Structure formats: C-alpha cells, structure tokens
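Peer 1: Fold the following, please.
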Amino acid sequence: MSSETILSHPKLQQMMARFEEIQRQLYDPQVIQDPRKLAELGREQAELEPVISALQQLREAVRQIEEDERLVQETDDPELHALAEEELQSRHAQAEALEEQLRRALLPKDPNDEKNVIVEIRAAAGGEEAALFANDLLRMYTRYAERRGWKYELLAESRTELGGIKEATLEITGRGAYSRLKYESGAHRVQRVPVTESGGRIHTSTATVAVMPEAEEVDIEIDPDELRIDLFMSSGHGGQSVNTTYSAVRITHLPTGIVVTCQDERSQLKNREKAMRALRAILLKRKQEEQQSQIAQERRSLVGWGERSERIRTYNFPQNRVTDHRINFTTYRLQEVLDGDLDELLDALALADEQIRLKEVQGE
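Peer 2: As a prediction, the model looks like this:
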C-alpha cells in the first residue's frame, strides 16, 4: 500500500472528517455545558489525534519527497546533489514509518477490548494432577490481575480433596482486560512430576481456559422463562454444609443446556447475580464463535484461541520452559510466568496477531 493509497484511504478520510467535526462540536456552547458529552468528545479526540497527526506528517513528507526528487534530477552541483540524496533517503524512511503507523490505524478494533472478562478454567486430561494444574492457572491469572491493578472475584469453583480445581469461574475487572487476556483461551498442557507420583515419572496433563468478554444485558437478552433456577445449601470440601440456608444457586439455560452454579456468597441474591453474569458471558462467547466460524484460514493458524480443544501452550517443569505453540515463542522463566508475569508472552501474541491483520489490510 503506497503513500498515495494510504492518504486517499476512505477510512482515514472518515477519521479526518470526524476529527474536524469533533473540533467544531467542542466549541459548541451546548456541548460545553454538557460535561458528559464534553468528556466523551474529548476521549474520542484524544484517540484520533495521533492518527490525524501522522496523516498530516505523511502528506508533508510526500510533498518534500517530490521536491527532493526534482532537486536531485535538476541540480548539477555535486555537493547539493549529495545533500538532496541524503535528504531524500531520510524523507523516505520517515514516510515508511508513518505509513506503518497509519496501516495500524486501519486495523479493525475489537469492540470487546476494553471490557471486563470472565475466565473459565477446567481440569481436563490427567485426573488429580490436571485439577492441581488448573489451580496453578487460576493463581497465575489472579496474580496477573494484581500486577495490572485490576480487581478480580471468584464467581464459582469446584475443588478436589487435594486442593485442585475441577472448574472455576473468575471475573476480572479492569480497563483493557479482554484485550490482554483474550489470547489465553485454549488447552494448556503441563509436564511435570505430580505430587501424587511416587516413582518420580513425568506426567502430562491438561486444563482448558475460556476467556469471555463480560456481557452487558444489552449484549445478550435472556428470557426468564428459559431459565431453571435451583436453590441448595452451600457445601465446602468433602461436601460438608457451610451454612444452613438455601443460598447456593444453580441456573440452567434450557435452550442450550448451559449450567452455571454459584455458592460463594451467603446471600442468595448475590449468588444469583454472579451466576447470571457468568451465564451472559458464556452465551455471548458462544454467539461470537458462531459469528466468527467463517474466519479466514490464515488467521485460524494463529487465532485458534477460542477453540478449547487446541493445545496452545506447554508448561515444562523439568526444563523450566513455557512454550506457546501458536507463535513458537519460548521462555525459560516458568516460575515467573506462573507467578503472573505474563506481559512478555502476551505482548508477543498481540504483535503476532497485529502482523497477520496488517497483512490482511495490505491485501485488501
């Protein structure tokens, strides 16, 4: 995509028109008297400013390149010719950098990126060891949330006698949570000697992770008549009753058969609210997966991230290694990763995703 093509791109022209419209509105007396509208326009203006600045700089760079090329062709002075050549190379490098910035601006944004997330973790193959590994993953994501300054809340969990997790549902609240954690959906594999192994043999176990943007009520409409709500007494490890009231809630979505259980709160109302939040997120995820089923094959090779049957990552304890198989990324900082130091890994995944989407934009 050449500079001229980028400068005339319809989407960038729309951005420029919108930026000019925002500037006009910011001087409108009615807008000035509306703090909410003023703040909304201010945020939109701040998002557009870098793009508009790059667009203007690229226009100027293209104009300067044309002048330098003319000067190189017309001048007979060797010293002036050399200076013009040097200036031309510098202008071309500047234009290329600006083109790259604008190509990124053309990438479609995921409307869910700024949303909170629901993280569902389930033990898969490997019995008790898989459940213990699922607990490690739960700890990893809560530690990561703490590092980012996000809040988190355990909506539901089912534990084993050894403290492992059969399944758990975690809500993480923070700006951009989905944009960072959406790459985590899939099958996670662990290779290590389990605590239950007396012979010292290395076992391979798996746990699955599903990361779902938290759904607002406007995103997913749930017909109350399609829900079956069961109440029961909360229970702790081994099935013992932890209170004597029917505060635990199990919600079954009859059309899909999805079941969500919450028993963490002593209040039936709070448990019901948590269960409904989890149910909305699961239904939204299913809806989005259906809409994206026709996604391009070239993206599926990387973005198999919503398909929980795929092995996306291996945590190898003997080698102190974590490998993400989607992008062939390996780090030998296993304990740091499990302690929530995920940014290096997530940055690499985000960059790989961006590069694929840039190729798609260039091919349009």
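Peer 1: Residues touching stretch 250-268, excluding its own?
Peer 2: 154-158, 169, 222, 226-232, 234-235, 243, 245-249, 271-272, 274-276, 278-279, 282-283, 286 (C-beta atoms under 8 Å, 6 or more residues apart in numbering). For the C-beta atoms, the positions are set from N, CA and C on the backbone; glycine is no exception.
Peer 1: Next secondary structure after the worst-scoring helix or strand of the chain on mean pLDDT?
Peer 2: Ranking every helix and strand in the chain by mean pLDDT, DSSP states H and E puts helix 297-300 at the bottom, with a mean of 36. Counting by DSSP states H and E, the next helix or strand C-terminal to helix 297-300 is strand 311-316.
Peer 1: thinking again about what came up before, mind checking which of the contacts of stretch 250-268 are in strands?
Peer 2: Among the contacts of stretch 250-268, the members falling in strands (DSSP state E) are 154-158, 169, 227-232, 248-249.
Peer 1: Please, which helix or strand holds the nearest residue to residue 18 once chain neighbours are set aside?
Peer 2: Excluding the flanking residues, the one nearest residue 18 by C-beta to C-beta, 6 or more residues apart in numbering is residue 48, at 6.7 Å. Using DSSP H and E, residue 48 sits in helix 35-74.
Peer 1: Could you check the angle the helix or strand following that helix makes with helix 35-74?
Peer 2: Counting by DSSP H and E, the next helix or strand C-terminal to helix 35-74 is helix 78-105. Angle, helix 78-105 to helix 35-74, by axes from the mean of the first three to the mean of the last three C-alpha atoms, to 10 degrees: 150 degrees.
Peer 1: Now the element after helix 78-105, going C-ward?
Peer 2: By DSSP H and E, the next helix or strand past helix 78-105 is strand 117-123.
Peer 1: what lines up beside that following strand in the sheet?
Peer 2: Paired neighbours of strand 117-123 in the sheet (DSSP bridges): strand 165-173 (antiparallel), strand 203-213 (antiparallel).
Peer 1: Need the winner for burial among those strands.
Peer 2: Per-stretch averages of neighbours, counted by mean count of other C-beta atoms under 10 Å, single out strand 203-213 among the strands paired with strand 117-123, with a mean of 22.
Peer 1: avg pLDDT for it?
Peer 2: What strand 203-213 shows for mean pLDDT is 88.
Peer 1: Pull the distance from that strand to the chain's centre.
Peer 2: Counting by C-alpha atoms, centre = their mean, to the nearest Å, strand 203-213 is centred 16 Å from the centre of its parent chain.
Peer 1: Please put the alpha-carbon coordinates of that strand into PDB.
Peer 2: What follows is strand 203-213, C-alpha atoms only, in PDB (Å, rounded to 0.1, in the frame of the first residue of the first chain):
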ATOM      1  CA  HIS A 203       3.300 -36.900  33.600                       C
ATOM      2  CA  THR A 204       1.500 -34.800  31.000                       C
ATOM      3  CA  SER A 205      -1.900 -33.200  32.000                       C
ATOM      4  CA  THR A 206      -4.100 -30.500  30.600                       C
ATOM      5  CA  ALA A 207      -6.500 -27.800  31.600                       C
ATOM      6  CA  THR A 208      -8.700 -25.700  29.400                       C
ATOM      7  CA  VAL A 209      -9.200 -21.900  29.700                       C
ATOM      8  CA  ALA A 210     -12.000 -19.900  28.100                       C
ATOM      9  CA  VAL A 211     -11.800 -16.100  28.200                       C
ATOM     10  CA  MET A 212     -15.000 -14.300  27.600                       C
ATOM     11  CA  PRO A 213     -15.800 -10.600  27.500                       C
END
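Peer 1: what's the angle between it and strand 311-316?
Peer 2: Going by the same axes, to 10 degrees, strand 203-213 makes 130 degrees with strand 311-316.
Peer 1: What's the local residue count around residue 268?
Peer 2: Using other C-beta atoms under 10 Å, residue 268 has 18 other residues around it.
Peer 1: One more: the one 3 residues further on?
Peer 2: Burial measure for residue 271: 24 neighbouring residues, criterion other C-beta under 10 Å.
Peer 1: Provide a list of residues in contact with it.
Peer 2: Residues near residue 271 by C-beta under 8 Å, 6+ apart: 247, 248, 249, 262, 263, 264, 265.
Peer 1: quick one: it from residue 329, how far?
Peer 2: Look at residue 271 and residue 329: by C-beta to C-beta, to the nearest Å, they are 39 Å apart.
Peer 1: mind showing which ranges of the stretch 51-200 of the chain have poor pLDDT?
Peer 2: 107-108 (pLDDT under 70).
Peer 1: Apart from its neighbours in sequence, what residue is nearest residue 320?
Peer 2: Of all residues not flanking residue 320 in the chain, residue 334 sits nearest, at 4.8 Å (C-beta to C-beta, 6+ apart).
Peer 1: Is it correct that that neighbour is in contact with residue 316?
Peer 2: Yes. Between residue 334 and residue 316 there is a contact under C-beta atoms under 8 Å: 7.3 Å.
Peer 1: Between these two, which contacts overlap?
Peer 2: Counting by C-beta under 8 Å, 6+ apart, the common neighbours of residue 334 and residue 316 are residue 322.
Peer 1: nearest to residue 135, of the strands paired with strand 117-123?
Peer 2: Proximity to residue 135, assessed across the strands paired with strand 117-123 by C-beta to C-beta, is greatest for strand 165-173 (4.6 Å).
Peer 1: And the next helix or strand past the closest one?
Peer 2: Sequence-wise, the next helix or strand downstream of strand 165-173 (DSSP H and E) is helix 177-181.
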